[in-house]
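Student: Okay, sequence plus prediction incoming.
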Amino acid sequence: MMKKIMNNLLSIKIALLWFFLLWQTALLAKLPSYTGPIIDTHIHASPEVSETILTAKSQILAQMDRQNVVMSVVSIPVASFLSDWQPTAKHKLLVGPSFPCTDGKYPRMNPCFAANNGWPDLQWLEDEIKQGRVTVFGELLYVYYGISPADERLLPYYQLAEKYSIPIAVHAAHGPPKRGRVEGCCPDFNQAMGNPLLLKPVLLKFPKLKIWLLHGGEIDFHQQAIELMLKFETVYAEMSIVNSIMPQALHQKMLKGFLDSGLEDRIMFGSDNMPIDRILERMDEINILTAKQRQKILYDNAVKFFELN
């Protein structure tokens, strides 16, 4: 009789546990859409106008107004863009150069620091930093250029960034595939250079350097991105492209990988010039995120990383 009672109690406990888990899942699935402020850590300034991505300045600023994006991080391919993309009373922007560019050409085949064969002049860069006009570096395009992030040609830029506490965005991904690149782009493209672990000697040499991994390592290098972030607390990541055009199952799997590794405080939001409304819809569909975690990804973590008031 006692054994039967114990078995019944055990069955009740198991049933209650399942009910609790289902209830928690239902709560997460029914979270209201996020309506708070957003920081977009991955925007490219471009002279082109596209029907598929947001490239024109007017498009970017309109999206900021529409989606409550209170700050965008903008990479520029030419020095003349610097003045045009300075912050205003209405739009907070962090602006910096994207480089190195193969033969002075951006991956979209626009001019890119052509006067110095695709590299921004160091003296110009330091002068602009001192004036407060350059506040970030990147996207660093060494994958497109076909060199390691530890290449000696990049070291003076890392040194400058560490000296002035300038965060650096790097292309941490194996893609885009050749079919996804503009014709004529990047004959020396080397996807192996997108491995985030290649940044280890850079971070050991410049221990105060702050780096955020664009695309979060994407598919091939997701685990390497996690490994690097666990080793270096100054490394953060964002998940653009994965969060917008790649399969939602992959998006959720990679996001879960960061969360399960205890990195919810170092994931940031980035659009890579894709429409933000659809990215937010996809985030709402993921039922593994709490409301607090969504706020961290969309806003709080970037405030900490960029040391914003």
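Tutor: Received, thanks.
Student: Buried residues in stretch 175-182, which are they?
Tutor: 175-176, 181 (16 or more other C-beta atoms under 10 Å). Quick note: C-beta positions are derived from backbone N, CA and C, even for glycine.
Student: thought residue 209 was touching residue 158?
Tutor: Yes: when contacts are counted by C-beta atoms under 8 Å, residue 209 is listed as touching residue 158 (6.1 Å).
Student: where do the contact lists of these two overlap?
Tutor: Contact criterion C-beta atoms under 8 Å, 6 or more residues apart in numbering; residues shared by residue 209 and residue 158: 168, 202.
Student: A strand includes residue 256, no?
Tutor: No: applying DSSP: H, G, I helix; E, B strand; the rest coil, one finds residue 256 to be helix, outside a strand.
Student: mind listing what it touches?
Tutor: residue 288.
Student: ditto for residue 105
Tutor: 111-112, 114, 118, 184-185.
Student: Which element, helix or strand, includes residue 66?
Tutor: Following DSSP states H and E, one finds residue 66 within helix 57-67.
Student: Give me the helices and strands touching that helix, please.
Tutor: Judged by 3 or more C-beta pairs under 8 Å, 6 or more residues apart in numbering; DSSP states H and E, helix 57-67 is in contact with strand 38-44, strand 69-76, helix 276-285.
Student: Now do the spatially most central residue of the chain against residue 117, distance only.
Tutor: Using C-alpha atoms, centre = their mean, the residue of the chain that lies closest to the mean C-alpha position is residue 238, 2.8 Å off. Residue 238 is 29 Å from residue 117, where distance means C-beta to C-beta, to the nearest Å.
Student: Residue 267 now?
Tutor: For residue 267, the distance to residue 117 - C-beta to C-beta - is 35 Å.
Student: Same drill for the two, tell me which one is more crowded.
Tutor: More crowded of residue 267 and residue 117, by other C-beta atoms under 10 Å: residue 267, with 24 against 13.
Student: Pull the contacting residues for that one.
Tutor: By C-beta under 8 Å, 6+ apart, the residues touching residue 267 are 216, 236-239, 255, 258, 296-297, 301.
Student: do the same with residue 228
Tutor: With C-beta under 8 Å, 6+ apart, residue 228 has these contacts: 196-197, 199-200, 203, 213, 235.
Student: Please save the CA atoms from the host helix or strand of it in CSV.
Tutor: Residue 228 belongs to helix 222-231 when elements are defined using DSSP H and E. The C-alpha trace of helix 222-231 is given here as CSV (Å, rounded to 0.1, in the frame of the first residue of the first chain):
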residue,chain,number,x,y,z
HIS,A,222,30.2,29.9,-34.4
GLN,A,223,31.9,27.7,-31.9
GLN,A,224,35.3,29.5,-32.4
ALA,A,225,33.5,32.8,-31.7
ILE,A,226,32.2,31.4,-28.5
GLU,A,227,35.7,30.1,-27.5
LEU,A,228,37.3,33.4,-28.2
MET,A,229,34.6,35.3,-26.2
LEU,A,230,35.0,33.0,-23.2
LYS,A,231,38.7,33.6,-23.2
